[in-house]
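*Asks:* My questions are about this predicted structure, shown below with the sequence.
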Amino acid sequence: GESVGLHLPTLSVQEGDNSIINCAYSNSASDYFIWYKQESGKGPQFIIDIRSNMDKRQGQRVTVLLNKTVKHLSLQIAATQPGDSAVYFCAEGVTGANSKLTFGKGITLSVRP
Amino acid sequence: DTGVSQDPRHKITKRGQNVTFRCDPISEHNRLYWYRQTLGQGPEFLTYFQNEAQLEKSRLLSDRFSAERPKGSFSTLEIQRTEQGDSAMYLCALPRSSGSAGTGELFFGEGSRLTVL
């Protein structure tokens, strides 16, 4: 079946460094993608999204890159801070599919002081 | 504004018991979603409502699960004869377009964690 997956289960970075979290998706019909951050005991929190007609989108300290050719999505976090420590999920959706999202497995980002 | 309250935040029950979770949006939303999240996994779609109508149910939603949204506002998710495999976080979500790329973003509540002993 279709799936969204992440390459690495954990990522450890030094505070102040840039972080890159990768995600592979397989549903070629997906036309938007969303990154969520989830802290322990809390619900997923929206970070940034991107439509399939874009290949890059920037937010505050975050950038999402989309490569439709290889069905790859990445989240870049600049100047990683201790508060960025969390589990990150990528999710995909299809416009018109009633906002139903398919999530991949989470990757834990750990920021070393 | 988008916000959702879920209750209870944590429920511990013995196998075979029934449990009910409630989701209260703080403002009107036509659509309301339920997701389930097990440890280390991403949330999985269970069902969604358009007003009071339940429009889609995942195959994950066995006949022991029932969800309602009687007045098109709050929603309940009941699990009958709980099993240990039902242990998970049950998340309520609402659609939101927050000035982002205008995708089908969902705003998630804090969830109700179920532990079945």
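*Replies:* Structure received.
*Asks:* Which residues of chain B lie near chain A?
*Replies:* B:31, B:33, B:40-45, B:48, B:50, B:55-56, B:91, B:93, B:95-96, B:98, B:100-111 (CB under 8 Å from any CB of the partner chain). All C-beta atoms are positioned from the backbone trio N, CA, C, and that covers glycine.
*Asks:* so what's the residue of chain A found nearest chain B closest to, chain neighbours aside?
*Replies:* Across chain A, no residue is closer to chain B than A:Phe103, which sits at 2.8 Å (CB to the nearest CB). Spatial nearest neighbour of A:Phe103, excluding adjacent residues (CB to CB, 6 or more residues apart in numbering or on different chains): B:Gly42 at 2.8 Å.
*Asks:* Checking my notes, that neighbour in a helix, right?
*Replies:* No - applying DSSP: H, G, I helix; E, B strand; the rest coil, one finds B:Gly42 to be coil, outside a helix.
*Asks:* Quick check: the residue of chain B nearest chain A.
*Replies:* For chain B, CB to the nearest CB, closest residue to chain A: B:Gly42, 2.8 Å.
*Asks:* what sits against the residue lying farthest from the centre of chain A?
*Replies:* Centroid-distance maximum for chain A: A:Pro113 at 22.9 Å, with CA atoms, centre = their mean. Applying CB atoms under 8 Å, 6 or more residues apart in numbering or on different chains, we find A:Pro113 in contact with A:15, A:82.
*Asks:* ok so, going back, mind checking how far the residue nearest to A:Phe103 is from A:Lys100?
*Replies:* 13 Å (CB to CB, to the nearest Å).
*Asks:* quick one: which of the two has more around it?
*Replies:* Set B:Gly42 next to A:Lys100 and count neighbours by other CB atoms under 10 Å in any protein chain shown: B:Gly42 wins out with 23 against 17.
*Asks:* residues touching the residue nearest to A:Phe103, list them.
*Replies:* A:4, A:89, A:91, A:103-106.
*Asks:* hmm, back to that, return the subset of the residues of chain B next to chain A lying in strands.
*Replies:* Among those, the members falling in strands (DSSP state E) are B:31, B:33, B:44-45, B:48, B:50, B:55-56, B:91, B:93, B:95, B:106-108.
*Asks:* Check those for burial and list the buried ones.
*Replies:* Burial by neighbour count, 16 or more other CB atoms under 10 Å in any protein chain shown: within these this picks out B:31, B:33, B:44-45, B:48, B:91, B:93, B:95, B:106-108.
*Asks:* Need those residues in CSV (columns: pLDDT).
*Replies:* Formatted as CSV, those follow (pLDDT from 0 to 100):
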residue, pLDDT
B:Arg31, 90
B:Tyr33, 95
B:Glu44, 95
B:Phe45, 94
B:Tyr48, 93
B:Leu91, 97
B:Ala93, 95
B:Pro95, 87
B:Leu106, 90
B:Phe107, 92
B:Phe108, 95
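*Asks:* low-confidence ranges in chain A?
*Replies:* Applying pLDDT under 70 to chain A flags residues A:1-8, A:97.
*Asks:* which residues in it form strands?
*Replies:* Assigned by DSSP E, chain A shows strands spanning A:4-6, A:10-14, A:19-25, A:32-38, A:45-51, A:56-58, A:62-67, A:72-77, A:86-93, A:102-103, A:107-112.
*Asks:* List the strands paired with the fifth one, with their directions.
*Replies:* Right, the one you point to is strand A:45-51. Strand A:45-51 pairs in its sheet with strand A:32-38 (antiparallel), by DSSP bridges.
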